[in-house]
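>>> Starting from these lines, generate the structure:
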Amino acid sequence: MTTSTDVFALTAAFHEAFGTAPDGVWQAPGRVNLIGEHTDYNEGFVLPFAIDKTAKVAVRVRDDSTVRLLSTFGGHGLVEASLDGLEPGSGEGWSRYPLGVAWALKERGVSVPGFELLLDSDVPLGAGLSSSHAIECAVITALNELTGANLAAEELVLATQRAENIFVGAPTGIMDQSASLRGAKGQAVFLDCRDQHVELVPFDAEASGLVLLVIDTKVSHSHADGGYASRRASCELGAQVLGVTALRDVGVEDLEAASGLLDEVTMRRVRHVVTENDRVLQTVELLGAQGPASIGPLLDASHTSMRDDFEISCPELDLAVDTARANGAIGARMTGGGFGGSAIALTPVGEEHKVRDAVVRSFAEAGYTAPDIFTVTPAEGAFRLA
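The predicted model follows:
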């Protein structure tokens, strides 16, 4: 939870950096995806939630086209750029995200002025918790208000996706920013990625005597690399061969026939997406009927599918999942784009310390970097703090 002290400290730091007060402070959360991985860009279903770790931005509008960006992270100096002639690929490191948002808004016809921005974030980097989208969503929420654009949440989602896809060069879907912009406390976001329809689904693990542990393996990943893009290409090939608009249109009952049309690798990619969509729908139904304690087997099946069919897990993620399950978690899976990042483990409160200790011990025995383990709860989506 953000406190007034956090806001005061960020405002004071902005004043020290830029010599004046900001026009406001905005925040947007990272996200955990409960289930539904790599289904978003296949026009399918996902069930993420906004988490209680956020990116905060203090912003002040300028009267020219200059953008000046600064982060509270050590080692990152001031970045200065001009909005005039801003093109995809501009910027380096974290500065690509606010610059990409400004570019995407300009593309949509919004008159974006220059601005000064100070970023502070406690969303773990490279952990699969969408630290980049948290930055983008905080920035676009600020600029949407400061420019008077008043774009709806659905439009902000598409603008941040375009910033990510075209400006940054990461072929991501709409799940992360939808959770960050449209999340609500105590709720998971059931999103239909074809039409952006959202239903909020209660997810109160604590009331069911459970905690959701995030196990950050410390294996960094990047969506701007080839692994993510190649999986997306496989899905598009599968849809093309099967004659559908997207893999959303393929049902579990269609998989047997599809196996005769697709090569072995493409078939496995398709099977993951099709069965994962089905698992999302089952999870939503179970949460409504029986609550969080009923969904463990679906989390387990999701991880198996990502490990074997989509091949986006890694030894550290598999060890985290297997160890958590063996020590009391009722369900566990990797979460996020894969190739590193984090696992989640739905765990009875009484087993939390056993799971934590076992995972830390197993990583030490394997010679892996010590993981960071923490709990998350569904939190509010992006909003103005001050």
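
>>> for the protein, longest strand please?
Assignment by DSSP state E gives strand 45-61 as the longest strand of the chain.

>>> What is that one packed up against?
Applying 3 or more CB pairs under 8 Å, 6 or more residues apart in numbering; DSSP states H and E, one finds that strand 45-61 contacts helix 4-18, strand 24-35, strand 115-121, helix 131-146, helix 175-182, strand 187-192, helix 264-289. All C-beta spots, glycine's among them, are computed from the backbone N, C-alpha and C.

>>> what about the ones you listed, which gets the closest to Glu316?
The stretch from those with the least distance to Glu316 (CB to CB) is strand 24-35; that distance is 17.6 Å.

>>> chain center to the closest one: distance?
In terms of CA atoms, centre = their mean, to the nearest Å, the centre of strand 24-35 is set 8 Å apart from its chain centre.

>>> Could I get the full set of strands for the stretch 251-386 of the chain?
According to DSSP state E, counting those that start in this stretch, the stretch 251-386 of the chain carries its strands in the segments 331-335, 342-348, 372-375, 383-384.

>>> can you list contacts of the shortest one?
The list of residues contacting strand 383-384 from outside it, by CB atoms under 8 Å, 6 or more residues apart in numbering, reads 24-27, 141-142, 145.

>>> Out of those residues, which is nearest to Pro371?
Here the nearest of the contacts of strand 383-384 to Pro371, counting by CB to CB, is Gln27; it sits at 26.2 Å.

>>> so when I look at His38, I'm seeing a helix, right?
No: His38 is assigned coil when assessed by DSSP: H, G, I helix; E, B strand; the rest coil, not a helix.

>>> isn't it right next to Cys235, touching?
Yes: between His38 and Cys235 there is a contact under CB atoms under 8 Å: 7.4 Å.

>>> Quick check on those two: which one has the bigger neighbour count.
When His38 is set against Cys235 and neighbours are counted by other CB atoms under 10 Å, the residue ahead is His38, at 26 against 23.

>>> okay, the more buried one: pLDDT?
The predicted structure scores His38 at 94 on the pLDDT scale.

>>> tell me which residues in stretch 181-200 are buried?
Taking 16 or more other CB atoms under 10 Å as the neighbour-count basis, stretch 181-200 is seen to contain the buried residues 181-184, 186-191, 193, 196, 198, 200.

>>> Quick check: the two most widely separated of those residues?
Pairwise distances across these peak at 22.8 Å for Gly186 and Cys193 (criterion: CB to CB).

>>> Alpha carbons of stretch 298-314, in CSV - could you do that?
The C-alpha trace of stretch 298-314 is given here as CSV (Å, rounded to 0.1, in the frame of the first residue of the first chain):
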residue,chain,number,x,y,z
LEU,A,298,-5.6,-26.4,-13.0
LEU,A,299,-2.5,-24.4,-12.0
ASP,A,300,-0.5,-27.7,-12.0
ALA,A,301,-1.8,-28.6,-15.4
SER,A,302,-1.0,-25.2,-16.8
HIS,A,303,2.6,-25.5,-15.7
THR,A,304,3.0,-29.0,-17.3
SER,A,305,1.6,-27.6,-20.5
MET,A,306,4.0,-24.6,-20.5
ARG,A,307,6.9,-26.9,-19.7
ASP,A,308,6.2,-29.7,-22.2
ASP,A,309,4.1,-28.2,-25.0
PHE,A,310,5.0,-24.6,-25.2
GLU,A,311,8.6,-25.1,-23.8
ILE,A,312,8.9,-21.8,-22.0
SER,A,313,9.9,-23.0,-18.6
CYS,A,314,13.5,-23.4,-17.3
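
>>> avg pLDDT for it?
Rounded mean pLDDT across stretch 298-314 is 97.

>>> contact partners of it?
The list of residues contacting stretch 298-314 from outside it, by CB under 8 Å, 6+ apart, reads 34-35, 37-38, 217, 219, 227, 231, 268-269, 271-273, 275-276, 279, 282-283, 286, 318, 321, 325, 331-334, 337-340, 343-344, 346.

>>> Try it again at 7 Å.
The set of residues that contact stretch 298-314 without belonging to it, under CB atoms under 7 Å, 6 or more residues apart in numbering, is 35, 37-38, 219, 231, 268-269, 271-272, 275-276, 279, 282-283, 318, 321, 325, 331-334, 338-340, 346.

>>> Mind giving me the ChimeraX command for buried ones among those residues?
Buried members of the contacts of stretch 298-314, defined by 16+ other CB under 10 Å, are picked up in ChimeraX with:
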select :35,37,38,219,231,268,269,271,272,275,276,279,282,283,321,325,331,332,333,334,338,339,340,346
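
>>> got the end-to-end distance for stretch 213-226?
29 Å (CA to CA, to the nearest Å).

>>> Kindly apply the preceding question to stretch 148-165 instead.
The first and last residues of stretch 148-165 sit 25 Å apart, counting by CA to CA.

>>> So which bits of it are buried?
By neighbour count with 16+ other CB under 10 Å, stretch 148-165 contains the buried residues 149, 151, 153-165.

>>> farthest-separated two in the contacts of strand 383-384?
Checking these with CB to CB, the most distant pair is Gln27 and Glu145, at 12.9 Å.

>>> Of the two, which one has the most company?
Of the pair Gln27 and Glu145, Gln27 is the one with more neighbours under other CB under 10 Å, namely 27 against 15.

>>> who's the more buried one bridged to?
Judged by DSSP bridges, the bridge partners of Gln27 are Lys56, Phe383.

>>> Quick one: residues contacting it.
By CB under 7 Å, 6+ apart, Gln27 lies in contact with 2, 54-56, 138, 382-383, 385.

>>> where does the protein dip in pLDDT?
The model of the chain has pLDDT under 70 over residues 1-5, 74-75, 221-225.

>>> Share the number of residues neighbouring Leu385, please.
Counted with other CB under 10 Å, the burial measure for Leu385 works out to 18 neighbours.

>>> just Leu286 next, same as before
17.

>>> Any figure for the gap between the residue nearest to it when sequence neighbours are not counted and Val284?
Taking CB to CB, 6 or more residues apart in numbering as the measure, Leu286 lies nearest to Ser294, with 4.4 Å between them; neighbours along the chain are not counted. Computed as CB to CB, to the nearest Å, the Ser294 to Val284 distance reads 12 Å.
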